[in-house]
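Colleague: Everything below, folded, please.
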Amino acid sequence: MTLSVQDLSFFYWNREVLNEIAFSIGKCEIVAILGPNGVGKTTLLKCLNRILQPREGVVYLDGKDLFRLDGSEIARNIGYVPQRIETGRLTAFDAVLLGRKPHIGWDISENDLRMVDAVFRRLAMEHLRLSYIDEMSGGELQKVAIARALVQEPRILLLDEPTSNLDLKNQVAILSTISRIVREHGISAVMTMHDLNHAIRYADRFIFLRNGRIHAHGGPETITPKTIEEVYGLPVIIGKLGGVTCIVPESCPVSTGA
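Modeller: Alright, predicted model coming up:
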C-alpha cells in the first residue's frame, strides 16, 4: 500500500501550520517526521488519518482520495497511536480488543481473541492483561495504545512519538518490534520523533519540518550536521560508536545554577 501526500496545507484558524507538504510512502518503509516542538509534526500525522481536514491538498491511499473514503475503510488500513490515549475503567485486554472493531462482524471471534493474545506476548506485556488502564503509568498506557493499533492489522501505522513515555529499555524494545513487524508483514510506518539517534537507527527515510514546510527529505544522507543545525538551531557532531551512527550536540549550555 502507498500513501501519497500532495500540496497539503493546514491552518488553525488563520495561522498557517503546514504549507505545501508533499511526499509519498512505499511498502516496508519506516519514515520519521522530525523537527522542533510546534513545527506541525502531530498536525501532519493527524491529516494523514483524516482526524484533521487540511485547507488544501490531497492524501491518496493506494490512489484513492483519503477524504472520500468512509471511516471503516480508513480504520481497516491505517492504525494510529496518539501521544496520549483516553483512559477509562477497561482492562488492558479489552482496550486492545477494541482495535479489532473494524474487522468484527456480529460477534467477537476466536481469531480476534488469538490476535490480542499474540500481540500481548509480542510486546512482553502479558502481565498487564487484566490491569485497568486508568491505573497504569504513562509507559504502560503507551504499550497498550501500540498493541491496540497492531491488532487492527493496519497496512500503514501512524505513531505520534511512540517512545515518549517509555524508559530506554522499552524504547528499544518497542522500536525494534515496530521495525520487525513492518518488514515481516510488508506494511509501512510513519513516526513523529524527537530522538534523532533513535530515528537514524530505525527509520529508512526522514522528513525534516521547519516553519511548516519540508526543509529536507530523503534517506540517511539527509542526516547531516548542516541540516540539523538549520532545523534545530543547534550544532552537532555525527560519528560512529560501536558501528552505530550517533548524533551529539557540539556544545552544551552550562547552567550556573540559581
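
Colleague: Give me the buried positions along stretch 72-83.
Modeller: 74-83 (16 or more other CB atoms under 10 Å). C-beta here means a position set from N, CA and C on the backbone, and glycine is covered the same way.

Colleague: Out of those, which sit inside helices?
Modeller: Those of the buried residues of stretch 72-83 mapping onto helices are 74-77, per DSSP state H.

Colleague: Just the closest of these to Gly88, please.
Modeller: Ala75 (19.5 Å; CB to CB).

Colleague: List the contacts of that closest one.
Modeller: By CB atoms under 8 Å, 6 or more residues apart in numbering, the residues touching Ala75 are 101-102, 152.

Colleague: quick check: longest helix of the protein.
Modeller: Across the chain, the longest stretch assigned as helix under DSSP H is helix 168-185.

Colleague: pLDDT score for Val119?
Modeller: pLDDT recorded at Val119 is 90.

Colleague: That one should be in a strand, yeah?
Modeller: No: according to DSSP: H, G, I helix; E, B strand; the rest coil, Val119 belongs to no strand; its state is helix.

Colleague: gap between it and Leu128?
Modeller: 12 Å (CB to CB, to the nearest Å).

Colleague: and what of Phe23?
Modeller: Computed as CB to CB, the Phe23 to Leu128 distance reads 36 Å.

Colleague: if you count what's nearby, which of these two comes out ahead?
Modeller: Just comparing Phe23 and Leu128: by other CB atoms under 10 Å the higher neighbour count belongs to Leu128, 22 against 17.

Colleague: The more buried one is in contact with Met136, isn't it?
Modeller: Yes: here Leu128 reaches Met136: they are 7.4 Å apart, a contact under CB atoms under 8 Å.

Colleague: Overlap in contacts, the two.
Modeller: Taking CB under 8 Å, 6+ apart as the criterion, Leu128 and Met136 both touch 92, 144.

Colleague: Which of the ones in helices among the buried residues of stretch 72-83 sits closest to Val190?
Modeller: Closest approach to Val190 among these (CB to CB): Asn77, at 13.1 Å.
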